[in-house]
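> fold the stuff below for me.
(chains A and B)
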Amino acid sequence: MDLRPENFQSVAEIEVAKVAQRDFVVMVAGVFNYLCDTAMTAYGDGSAQDEARAAGAQIRTNSLNNLAELLQEFETNANRNGIQVLWAADAEEACQLVKGLVEKHQVKTISKGKSMISEEIGLNHFLEKEAGVKIYEGDLGEFIVQLRGTLPFHIVGPAINMTVQEIAGVLQQHIDMPYTEVATEIVSYVRTYLRDKFERADMGITGVNQAIASTGSLMLVENEGNIRWVTSAPRVHVALMSIEKVCANFADAFHLLGLLTRNCTGQAITSYVSVLNGPRRAEEVDGPEAMYVVIIDNGRSIAYQDPLLKDALRCIRCGRCGIQCPIYLRIGANPYGWIYPGPIGNVIAPVIMDLDRTRDLYEACTLCGGCQSVCPSGMSHLDIMTHYRQMKVKGDDRFGGTRICIKERSGFKILARGMQNPGLYKAGVKIARRFLNQRSQDGYITQMPGPMSGWFRCRDFPEMPEKTFRQRWQDELQEEARQTADRAVAHPEAAAQNEEG
Amino acid sequence: MILERLNSATWTKPSSSREVISTPASIVSGDVEMFVSKATAAGAQVEEVGSLDEVQNRLVQIVQEEQLQKIVITDEENLKEIDWEQLSQQTKSQVQSIAQLPGENYRSYVVEAGLGVTGCKYALAETGTVVLEHSHSNERLVSHAPDHYVCIVKRDQILKDRYVLASLFDSGLSSTAWTLVTGVSRTADVALQVVLGMHGPRKVTIFVVG
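So this is what the prediction gives:
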């Protein structure tokens, strides 16, 4: 399968038929929804939980409203702490910057903490090809999908769709693990295998959960302990962050942390939260000699110009929206064709790729609002996705959206005109009924030639009734009047009493 | 260029540019009982003891039961009250403080050690978390590389919750790194089965002293 957003429909047709995968993912989503709902009760009842989410949304609003100021403040304080801050306009520049650091520090092997932004910019592939380094993902799920060469299935559980047998097969094939289906034995083998890599790696690469502007610190969140290794053992630490991952202070960061972990894995806090303030000092042994933060734009600052699209930058990557989405739960991650599947992919992908390539993503959304209802950062998924649809129809130079063709535009114009004029509407319905019902079979229209064929490819339409609602309403009124008149003829006294009453 | 573009956004920003967020009131009331309960729920074994002498006795038992050969300890003040030489003789194990380990020997020793012992700066009752301030006295991997990690917490180090810690952090950080450790390293990446001891210690014991 060629996994790209452009191939959404063809891949979705394959994936939706995988009943076992779908059932498993739905089961997993149910478990995580229960865990997350339970964890959120730590804030109190429903209104207290809403307040906690509202505070999270306000923190993100403040961060976005003051983004440039906070990033500058972070850079100043990080520099003061001995962290070098680099800026990358796009994925290519970010990869080149890291490559430059690899060469500068004569790096041969790299250990990595789980980082979605590194996946977004295609860093592993670039560095292995262009810099000849060996890269080891430290997070078990990421390590498995790295070996398998597939996209992560979920931003939090990259291999959560794989069975134990599939995982064991991948590890047996790629790192010679003796085949076992016992989870503890699999974990133990990978622990030993990767520990050696952690100890020997020259450079550690991580993402960033929050950059704290007031102190120039980084907050990194994990359960496995790979990030602790990656930020403690290698000589060099490179942290990658997208421009929106900054907040004013620790009060903000710790509140978001609580929302993140409760909506991600249903935990009050993860096993490890690392707060990093700079490279090791002369008298210290653990920690990097040199520490860099690469702040990556990759299309976000253009979205930031738009008062509605800037909200796409609210996301704190908890992944809760994914397990709410009826589309994602049925088709899985592959059709999205990129590293951010589900609602967050629908929101982020058009900003970073373009409106044309990602059209099926934001158009596949049913606008049910499940994602929005649980989002701890106050994102308006529905407004953003309907905005993308409007932009696509009108065309948009900023995000590569091609205006819809003149035939489609004309069709919608005629439709709009007709719906504003009762006479035209009635005439149109008559024509449409005749046209549509000619193709009816067993009461349903299942296919249609020409420009409507796409719509009917995955939908059936009941045949149009002989009478419209308005006609039936008129008939009902006439029938009622007739019955009243008949009763008056048959029982004139009762009718007279009714009239008097 | 990036900052210029961000600054050029024309939508109207609120006049109060750095509004202070009013985070929700403390979620849970913090006390030792809650700390013990939460840390236990996170997979740590927690024991309340009266003194560091008791900690020493329990450590002897642990080292003997697990037949540990190498122990690494941090160079923190409260650990110095434990007689490590005596513990070493009693258990016939090697105990090394990071203060005595030259840099080139430190890494190989810490990854071979079966037990790492540290103190902590704070603890959080809300989540059963120990908060480690890393420095040359408390190197990062002592609490992470050995299979068994022991943390010694004094009762008066237990804070109510993360918001209290945030206010301490916001008043200034001088160390290069801090770690909040809650229970045991874990993963659920193999078909959603929770397995403890992914990349960090397989076992965590916390002694609450006082």
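> going by C-alpha atoms from here, please, whenever you check contacts or count neighbours.
OK.
> in chain B, which spans are strands?
Listed in chain order, the strands found in chain B under DSSP state E are B:45-49, B:70-73, B:94-97, B:115-118, B:122-124, B:129-134, B:148-154, B:158-159, B:177-181, B:186-187, B:195-196, B:203-209.
> so how far is the fifth one from its chain's centroid?
Translated: strand B:122-124. Between the centre of strand B:122-124 and the centre of its host chain there is 9 Å, according to Cα atoms, centre = their mean, to the nearest Å.
> hang on, residue A:269 in a helix?
No - under the criterion used here (DSSP: H, G, I helix; E, B strand; the rest coil), residue A:269 is coil, not part of a helix.
> please report the distance of the residue lying closest to it once chain neighbours are set aside from chain B.
Computed as Cα to Cα, 6 or more residues apart in numbering or on different chains, the closest residue to residue A:269 that is not its neighbour in sequence is residue A:261, at 5.7 Å. Taking Cα to the nearest Cα, to the nearest Å as the measure, residue A:261 and chain B are separated by 12 Å.
> other SSEs contacting the strand or helix carrying residue A:261?
When secondary structure is defined by DSSP states H and E, residue A:261 falls within helix A:250-264. Applying 3 or more Cα pairs under 8 Å, 6 or more residues apart in numbering or on different chains; DSSP states H and E, one finds that helix A:250-264 contacts helix A:19-40, helix A:46-65, strand A:210-212, helix B:162-170.
> center of chain A - which residue?
With the centre of chain A defined as its mean C-alpha position, the nearest residue by Cα atoms, centre = their mean is residue A:344, 1.7 Å away.
> hang on, the earlier thing: what's the following helix or strand after the helix holding residue A:261?
The helix or strand immediately downstream of helix A:250-264 is strand A:272-276, counting by DSSP H and E.
> residues touching that following strand, excluding its own?
Defining contact as Cα atoms under 8 Å, 6 or more residues apart in numbering or on different chains, one finds that strand A:272-276 is touched by A:217-225, A:228, B:176-182, B:185.
> and residue B:65, how many neighbours?
Residue B:65 is surrounded by 10 other residues when neighbours are defined as other Cα atoms under 10 Å in any protein chain shown.
> what of the one 5 residues further on?
The criterion is other Cα under 10 Å. On that basis, residue B:70 has 21 neighbouring residues.
> what do you get for the one 3 residues further on?
Applying the criterion other Cα under 10 Å, we find 26 residues in the vicinity of residue B:73.
> list the contacts for it?
Here residue B:73 is in contact with B:79, B:95-98, B:116-118, B:142 (Cα under 8 Å, 6+ apart).
> as TSV, those residues with pLDDT and neighbour count would be great.
Shown next, in TSV, are the contacts of residue B:73 (pLDDT from 0 to 100; neighbours: other Cα atoms under 10 Å in any protein chain shown):
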residue	pLDDT	neighbour count
B:79	93	18
B:95	97	20
B:96	96	22
B:97	96	21
B:98	96	24
B:116	98	28
B:117	98	23
B:118	98	23
B:142	98	27
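> CSV for these, including distance to chain A?
As requested, these are exported to CSV (distance: Cα to the nearest Cα, whole Å):
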residue, distance to chain A
B:79, 19
B:95, 19
B:96, 15
B:97, 13
B:98, 10
B:116, 15
B:117, 16
B:118, 15
B:142, 9
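> and which of these is nearest residue B:166?
The nearest member of those to residue B:166, counting by Cα to Cα, is residue B:118 at 22.3 Å.
> from what I can see the closest one touches residue B:148, true?
No - Residue B:118 sits out of contact with residue B:148 when judged by Cα atoms under 8 Å, with a separation of 11.5 Å.
> could you list the low-pLDDT ranges of the stretch 401-501 of chain A?
A:495, A:498-501 (pLDDT under 70).
> nearest to chain B: which residue in it?
Among the residues of the stretch 401-501 of chain A, residue A:401 lies closest to chain B, at 20.7 Å counting by Cα to the nearest Cα.
> close to chain B: what parts of the stretch 251-400 of chain A are there?
Applying Cα under 8 Å from any Cα of the partner chain, one finds that the stretch 251-400 of chain A approaches chain B through A:251-252, A:254-255, A:268-281, A:283-287, A:297, A:301-302, A:304-307.
> which among the residues you listed count as buried?
Among these, those scoring as buried are A:251-252, A:254-255, A:268-281, A:284-287, A:297, A:301-302, A:304-305 (criterion: 16 or more other Cα atoms under 10 Å in any protein chain shown).
> for residue A:382, which of the strands of chain B is the nearest?
Ranking the strands of chain B by their distance to residue A:382 (criterion: Cα to Cα) puts strand B:186-187 first, at 33.1 Å.
> and chain A, is that closest one touching that?
Yes - residues of strand B:186-187 are located near chain A by Cα under 8 Å from any Cα, namely B:186-187.
> name every strand pairing with that strand and say which way it goes.
When sheet partners are counted by DSSP bridges, strand B:186-187 sits next to strand B:195-196 (antiparallel).
> and the next element down the chain from the host helix or strand of residue A:392?
Assignment of secondary structure by DSSP H and E places residue A:392 within helix A:381-394. Using DSSP H and E, the helix or strand that follows helix A:381-394 towards the C-terminus is helix A:406-419.
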